[in-house]
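Enquirer: Sequence first, predicted model second:
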Amino acid sequence: MPVVIVTDSTASLPPEVAAERGIVVVPLQVVIGATVYDEGADGATPELVAAALKEWRPVSTSRPGPAALLEVYEKAAADGATAIVSVHLSGDMSGTFESAQLAARDASVPVLPVDTRQVGVATGYAALAAADVIEAGGSAEEAAEAARARADAASSLFYVDTLEYLRRGGRIGAAAALLGGALSVKPLLKIEDGKVASLERVRTSGRALARLEELAVQAAGEQQVDVCVAHLANPERAGALTERLAQRLEANLDGREVWCGELGAVLGAHVGPGMIAVCVAPRT
């Protein structure tokens, strides 16, 4: 394996997909009360985080430090990697990218850190794009560029029941203008230039999800795309949205399924139960 792709657990790649594509996933951490968990099936799960948030227990998140990432890079090098492309969520939302930059300085092989300026599966799609380039015989530099291009083209849209969790986590960005009286509405948000930004505000969750569907269809346009629906403790509505998007975007999907699954624990800690997101990623 001359070039290895590394990403973080917020990329929301199914474990079997990451394993099949040879992508190394580094966990972020969730802190519930005084207990620290690695994000993943054996640690911080979406169900665990949703339960803690509903009970208003203290929940926070933590990036992997440079030493943790360096350990991953050095293991890949020991296993034969000659270069590494490290693809991570927005540097404005987490210090993970900064940790990757610091670790890259001390790595024994070249490491190209990539700030996708995205979160969630949009970062995952970027990592998959990098893996596609490597499998086709491309260089680490070409893989890093492919990851950036896929992330730049992706649209990350989401609905939250309340802005309170984003406000508490300090990650609300430009959407802060919706606070105050807007806590009684159902906000539609997006990731824009690496930060959370407001899209629209509507009065009911039904209207919010209908608009989310329309915006996803608009983002797809005439392009061939991959689509993912993610949720936190809202499986029925997420499933219904997935079915509608699969029908409406059948031509755009070209035989691929719309992914649907629970949002990762780290991102879930910041958006709260009830959240539904849609990522539309054109195939570059």
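Expert: Received the coordinates, thanks.

Enquirer: domain ranges for the protein?
Expert: 3-28+63-152, 155-282 (automatic domain parsing).

Enquirer: now those domains as JSON lines including mean neighbour count?
Expert: Yep, even glycine has a C-beta here, placed from its N, CA and C like the rest. What follows is the domains of the chain, written out as JSON lines (neighbours: other CB atoms under 10 Å):
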{"stretch": "domain 3-28+63-152", "mean neighbour count": "21"}
{"stretch": "domain 155-282", "mean neighbour count": "19"}
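
Enquirer: Which of these has the lowest mean pLDDT?
Expert: Mean pLDDT values for those show the minimum at domain 155-282, a mean of 87.

Enquirer: That domain: end-to-end distance?
Expert: 9 Å (CA to CA, to the nearest Å).

Enquirer: and if you look at stretch 28-43?
Expert: Stretch 28-43: ends 11 Å apart by CA to CA.

Enquirer: Output the domains of the chain as a markdown table; include the columns distance to Thr45.
Expert: Formatted as a markdown table, the domains of the chain follow (distance: least, CB to CB, whole Å):
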| stretch | distance to Thr45 |
| --- | --- |
| domain 3-28+63-152 | 11 |
| domain 155-282 | 6 |
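
Enquirer: Of those domains, give the one that comes closest to Thr35.
Expert: Thr35 lies closest to domain 155-282 among the domains of the chain, at 12.8 Å (CB to CB).

Enquirer: gap between Glu200 and Tyr37?
Expert: To Tyr37, Glu200 is 34 Å away according to CB to CB, to the nearest Å.

Enquirer: same deal with Glu145?
Expert: 35 Å.

Enquirer: Ok, Val111 next?
Expert: Val111 is 27 Å from Tyr37, by CB to CB.

Enquirer: Equivalent analysis for Ala220, please.
Expert: Going from Ala220 to Tyr37 by CB to CB gives 36 Å.

Enquirer: With Glu164 instead?
Expert: 22 Å.

Enquirer: what do you get for Ala19?
Expert: For Ala19 relative to Tyr37 (CB to CB), the value is 22 Å.

Enquirer: Could I get the contacting residues of the most centrally placed residue in the chain?
Expert: Centroid check for the chain by CA atoms, centre = their mean gives Gly120 as the closest residue, at 0.8 Å. Residues near Gly120 by CB atoms under 8 Å, 6 or more residues apart in numbering: Thr10, Ala11, Ser12, Leu89, Ser156, Cys228, Ala230, Leu263, Gly264, Leu267, Ala277, Cys279.

Enquirer: can you put these in JSON lines and add secondary structure and distance to Gly65?
Expert: Listed next are the contacts of Gly120 as JSON lines, based on DSSP: H, G, I helix; E, B strand; the rest coil; distance: CB to CB, whole Å:
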{"residue": "Thr10", "secondary structure": "helix", "distance to Gly65": "16"}
{"residue": "Ala11", "secondary structure": "helix", "distance to Gly65": "18"}
{"residue": "Ser12", "secondary structure": "coil", "distance to Gly65": "22"}
{"residue": "Leu89", "secondary structure": "coil", "distance to Gly65": "16"}
{"residue": "Ser156", "secondary structure": "strand", "distance to Gly65": "26"}
{"residue": "Cys228", "secondary structure": "strand", "distance to Gly65": "29"}
{"residue": "Ala230", "secondary structure": "strand", "distance to Gly65": "27"}
{"residue": "Leu263", "secondary structure": "coil", "distance to Gly65": "24"}
{"residue": "Gly264", "secondary structure": "coil", "distance to Gly65": "19"}
{"residue": "Leu267", "secondary structure": "helix", "distance to Gly65": "20"}
{"residue": "Ala277", "secondary structure": "strand", "distance to Gly65": "28"}
{"residue": "Cys279", "secondary structure": "strand", "distance to Gly65": "28"}
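
Enquirer: need the strands for the stretch 151-284 of the chain, in chain order.
Expert: 155-159, 186-192, 195-202, 225-231, 259-262, 276-282 (DSSP state E, counting those that start in this stretch).
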